[in-house]
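K.L.:
Attaching a predicted model along with its sequence, questions to come.
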Amino acid sequence: MDDLRDLVVMRPEGLYCPAGDFHIDPWRPVPRAVITHGHGDHARAGMGRYDCLDSCLPVLRWRLGEQDYHVHAPGEAFALGRAKVSLHPAGHVLGSAQVRIEVGGQVWVASGDYKRQPDPTCDAFEPVACDVFITEATFALPVYRWPDTATVVDDIVTWRHACAERGETAVLYCYALGKAQRVLAELDGRGEPPVLLHGAVAAGVEVYRGAGIAMVETEPVSEQPRGQDTAGRLVLAPPSAAGSAWLRRFRRAQQGFASGWMRLRGNRRRRNYDRGFVISDHADWPALLHTIAQTGAQRIIATHGNTDALVRHLREHDVAAEAFRTAYGEET
């Protein structure tokens, strides 16, 4: 790395743009932060100023409370120091963005987290041409290839019906921001009964409803009478609820997990889930390679995930590639 020419460099606080004097998704307090999305590993408290997409604002307010927010429309250019910055849809969760930085005719794009599959809860990923592309690598291994989401949701509905026949509740674990809302949006219009929600999931669902996202009807688990039979009902809960006392309110339950990690059966067995449903809010291996090619970037920097595999593959195909070691991880 050459701090004199690189538009984004690593600092102890996180990714830093020297020309604009701002950080991207910093993990330590800084004066000015450009935020790609609201997951806890990317949006943290303690920053002096937050710049984000306008659609990300309700998510950040839910997660961080009132702060000094500066919101921008997709593609709207704004100046930070000597840098011209704009935010472009990343297709990850509601309000997720890529950060485009231009200085002296050089263009870098930091993707944050992104996916290329259709998602009714957020704007689709927008390819942005650049000289250098900073890409996530969460699922950067050839084994990770996502099935059609509608087909997976069909499997979830079939699973719920099978649980009903056995007198069981279908408890589906999924992340409280993004994944849960995506499942609920995919279930909308299918004639499904109201889905029961763990309190941690219900809060995020209300944020999405406030943003105008259409989802199947839901009810909080906490409002169900004690002892009520929930056999055949679908319940969405965060992974942290697995094995907790909360689960005891259901007389008999099957447990499933909706995640890209379920692409490998060994992950489901190790976590003791009855069913695994492959739905991810990240790009799979073919989508990562396709996206990198679309940007036209001559240099790729991979962050968090299987960076070594992606960098090795790109170098084998004569693409200049390296990795940043960041503090990002799977969202919780």
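P.N.:
In hand now; what should we look at?
K.L.:
quick one: low-confidence ranges for this protein?
P.N.:
1-4, 330-332 (pLDDT under 70).
K.L.:
can you give me the helices in it?
P.N.:
57-64, 149-165, 179-187, 199-210, 265-270, 285-295, 307-316 (DSSP state H).
K.L.:
Now Asp25: closest residue in space that isn't a chain neighbour?
P.N.:
Residue nearest to Asp25 in three dimensions, not counting chain neighbours: His42, with 4.2 Å by Cβ to Cβ, 6 or more residues apart in numbering. C-beta here means a position set from N, CA and C on the backbone, and glycine is covered the same way.
K.L.:
cool, Arg275 as well?
P.N.:
Leaving out its chain neighbours, Arg275 is closest to Gly256 (Cβ to Cβ, 6+ apart), at 3.8 Å.
K.L.:
OK, contacts around that neighbour?
P.N.:
Taking Cβ atoms under 8 Å, 6 or more residues apart in numbering, we find Gly256 in contact with 156, 159, 170-173, 273-277.
K.L.:
pretty sure the residue nearest to Asp25 contacts Ala33?
P.N.:
No - the criterion here is Cβ atoms under 8 Å, and His42 misses it with Ala33 at 9.8 Å.
K.L.:
Give me the common contacts of these two.
P.N.:
Asp25.
K.L.:
returning to that earlier point: any idea how far Leu7 is from the residue nearest to Arg275?
P.N.:
Remark: distance between Gly256 and Leu7 (Cβ to Cβ, to the nearest Å) = 43 Å.
K.L.:
Which residue comes closest to Leu184 once chain neighbours are left out?
P.N.:
Once flanking residues are discounted, Leu184 sits nearest to Met215: 3.8 Å by Cβ to Cβ, 6+ apart.
K.L.:
who are the neighbours in contact with the nearest residue to Ala77 once chain neighbours are set aside?
P.N.:
Closest residue to Ala77 apart from its sequence neighbours, by Cβ to Cβ, 6+ apart: Ser86 at 4.8 Å. Neighbour list for Ser86: 72, 75-78, 100 [criterion: Cβ under 8 Å, 6+ apart].
K.L.:
How about Thr135?
P.N.:
Contacts of Thr135 by Cβ under 8 Å, 6+ apart are 111, 288, 291-292, 300-303, 310.
K.L.:
Spit out the contact partners of Phe125.
P.N.:
Contacts of Phe125 by Cβ under 8 Å, 6+ apart are 89-91, 98, 114-116, 291.
K.L.:
Skipping adjacent residues, who's closest to it in space?
P.N.:
Gly91 (3.5 Å).
K.L.:
Please apply the same query to Gly210.
P.N.:
Using Cβ to Cβ, 6+ apart, the nearest residue to Gly210 is Pro58, at 6.1 Å.
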